[in-house]
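Undergrad: Sequence plus the predicted model coming up.
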Amino acid sequence: MQPKKNLLEKFNSSNPWNLVWLSVVAAEIVAALLDSAISLSALGRLNAGLLIAGALDALVIASVISSVVVYFVLKEQRRTENALRRSSNFLNDIIHSIQDPFSIFSSDYRMIKVNHEYAALKNRSIDELTGAAKCYEIAGQTEVCENCVVQKTFLSSNPCAKEKLLLLPDGTPHWVEIYTYPILDASSQVSHVIEYMRDVTDRKVSEEEKQQLIEKLEQLSKTDELTSVLNKRAIMERLDYEMDRARRYLLPLSLIICDVDHFKQINDTLGHAAGDKVLRVTAQTLAGVLRKPDIIGRFGGDEFLLILPQTPLEGAAEFAERLRQNVQDIIYPGMEVKTTMSIGIASYQGNPDPNDIIRRADIALYSAKKAGRNKISF
C-alpha cells in the first residue's frame with residue numbers, strides 16, 4: 001500500500017518550484033512581521049524608517065533563504081534527472097544486449113522499446129517501430145491480429161506463449177517461440193507487456209525431419225518393396241478396420257483375391273526379373289482401376305487382395321470384370337508375354353473373423369482357376 005502524502009508533499013510533488021515560491025513568500029512575511037514587532041516594541045509606535053529598513057532586511061533574508069532553497073531544489077532536481085538518465089541508459093543497455101528480438105508494448109499497442117534484433121526481424125528501423133503508430137498499423141492492419149499473445153496477456157494479466165512461422169525480409173521461413181510477460185502498475189492492472197522471441201527454426205526443422213523419417217519408416221513398414229502396394233500385414237490391418245466399420249454402420253463390404261495365371265511358367269521361362277516386372281506392372285494396373293476408398297495389397301507371391309468398402313457382391317463382380325479386362329490388355333515392352341488373371345470374390349456376412357471372408361474369396365478363386373482361368377467366381 002502506498003503511504004499517504006501530507007499537504008506539503010502533495011504541493012511540492014505537482015511542481016518542485018512551488019516550494020521555492022512558497023519559501024520566498026514565507027520569508028518575506030516572517031521578516032516583515034519580525035521588523036514590525038521590533039519597531040513597535042522599541043518605540044511604542046510605528047516608525048516609517050524602521051519599517052523600510054525591516055522591509056530591506058526582509059528582502060535580504062528572503063533572498064538568502066530563497067537562494068538556499070533554489071540551490072537545494074536544483075541540486076535535487078539535477079540528481080533526480082541524472083538518476084533517471086542513468087536508469088534509462090541502463091535499461092537501453094540491457095534491452096540492446098539481448099540477442100533475441102525484444103519489445104515492450106503499452107496498453108494501446110504501441111511499442112515503446114525495441115532492440116536491434118526486433119527491428120531487423122521486422123525489417124524496419126527502431127524509430128519507425130517506436131513512433132506514434134500502433135503495432136498492427138505498422139503491419140498494415142486495422143486491428144490486432146488473431147491469436148495475439150500480447151493481447152491475451154493484457155486481457156488475462158498472465159504470461160502467454162506460442163510458436164509462429166515468420167518470413168524474413170529475404171523470404172526465408174523462420175520459426176520463433178513468442179513469450180509475453182505482464183508489467184503491473186500500483187493498482188495491479190497491466191500497464192505494459194514485454195514480448196520476447198526465441199529462434200527455434202533448427203529445432204522445428206529437426207522435428208519435421210524426424211517426423212518425415214518416422215512417416216517414411218512407417219510407410220516402408222507397410223509397403224511391399226517390389227510392387228509398392230500394401231504388404232500383407234498392412235492389408236490385413238485395413239481389412240480388420242473396414243470389417244469393423246461395416247459391422248458398426250451396417251455397410252456392405254466385398255473382398256477380391258486374384259492372381260496371375262501361369263505365373264510360375266513366366267518365372268521358369270523368362271526368369272525372375274521378368275516375373276518381378278510382371279508383378280510390378282500388374283500391381284500398377286490394378287491400383288489404377290481402384291476407386292478412392294478401395295484398398296489393394298500384395299497378399300503373397302503373385303496374389304493380390306483388394307478391399308471394396310461399401311460395395312455389395314454385384315458391384316464387386318462388375319468391378320472385377322474391369323480388372324480382368326485391364327490385366328488381359330497389358331503390353332510389356334521388350335517382353336513377349338501376355339498375362340491373364342483369375343479372380344475370386346466374397347462379401348462380408350457379419351462374421352468378425354477376417355479369415356472367414358478370405359477363405360470364401362480363396363475358394364471362389366480356386367473355382368475360377370478350375371473353370372479355365374481368366375475367369376471371375378464368387
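TA: On my side now, so go ahead. As the structure is a prediction and not an experimental result, all values here were calculated from the model. Numbering: from 1, shown residues only.

Undergrad: quick one: contacts of stretch 218-231?
TA: Among residues not part of stretch 218-231, those counted as contacts by CB atoms under 8 Å, 6 or more residues apart in numbering are 233-234, 238, 276, 279-280, 282-284, 286-287, 295-298, 304. C-betas here are computed from N, CA, C, even on glycine.

Undergrad: buried set for it?
TA: Neighbour-count burial for stretch 218-231 flags 222-224, 227, 229-231 (criterion: 16 or more other CB atoms under 10 Å).

Undergrad: So which elements touch the helix or strand harbouring A364?
TA: Here A364 sits within helix 354-370, counting by DSSP states H and E. In terms of contacts (3 or more CB pairs under 8 Å, 6 or more residues apart in numbering; DSSP states H and E), helix 354-370 is packed against helix 232-249, strand 253-260, strand 341-347, strand 376-377.

Undergrad: Okay, now the sheet partners of the shortest one, with direction.
TA: The strands that strand 376-377 pairs with in its sheet are strand 341-347 (parallel) (by DSSP bridges).

Undergrad: mind showing which ranges of the chain have poor pLDDT?
TA: Residue ranges of the chain with pLDDT under 70: 1-77, 80-94.

Undergrad: For the residue positioned nearest the centre of it, which three-state class applies?
TA: Geometric centre of the chain, nearest residue: E163, 3.4 Å, by CA atoms, centre = their mean. Under DSSP: H, G, I helix; E, B strand; the rest coil, E163 falls in the strand class.

Undergrad: Hmm, it is touching E177, no?
TA: Yes - between E163 and E177 there is a contact under CB atoms under 8 Å: 5.5 Å.

Undergrad: still on that earlier bit, can I get the helices and strands packed on helix 354-370 in TSV including distance to A120 and mean neighbour count?
TA: Listed next are these as TSV, based on distance: least, CB to CB, whole Å; neighbours: other CB atoms under 10 Å:
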stretch	distance to A120	mean neighbour count
helix 232-249	49	15
strand 253-260	60	24
strand 341-347	65	25
strand 376-377	69	22
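
Undergrad: Need those in a markdown table (columns: distance to Y136).
TA: Formatted as a markdown table, those follow (distance: least, CB to CB, whole Å):
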| stretch | distance to Y136 |
| --- | --- |
| helix 232-249 | 47 |
| strand 253-260 | 54 |
| strand 341-347 | 61 |
| strand 376-377 | 66 |
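
Undergrad: quick one, which of those is nearest to D199?
TA: Across the helices and strands packed on helix 354-370, D199 has its closest neighbour in helix 232-249 (39.5 Å, CB to CB).

Undergrad: Give me the contacts around that closest one.
TA: Contacts with helix 232-249, where a contact means CB under 8 Å, 6+ apart, come from 221-223, 230, 251-253, 255, 295-300, 305, 307, 309-310, 348, 350, 352, 354, 357-358.
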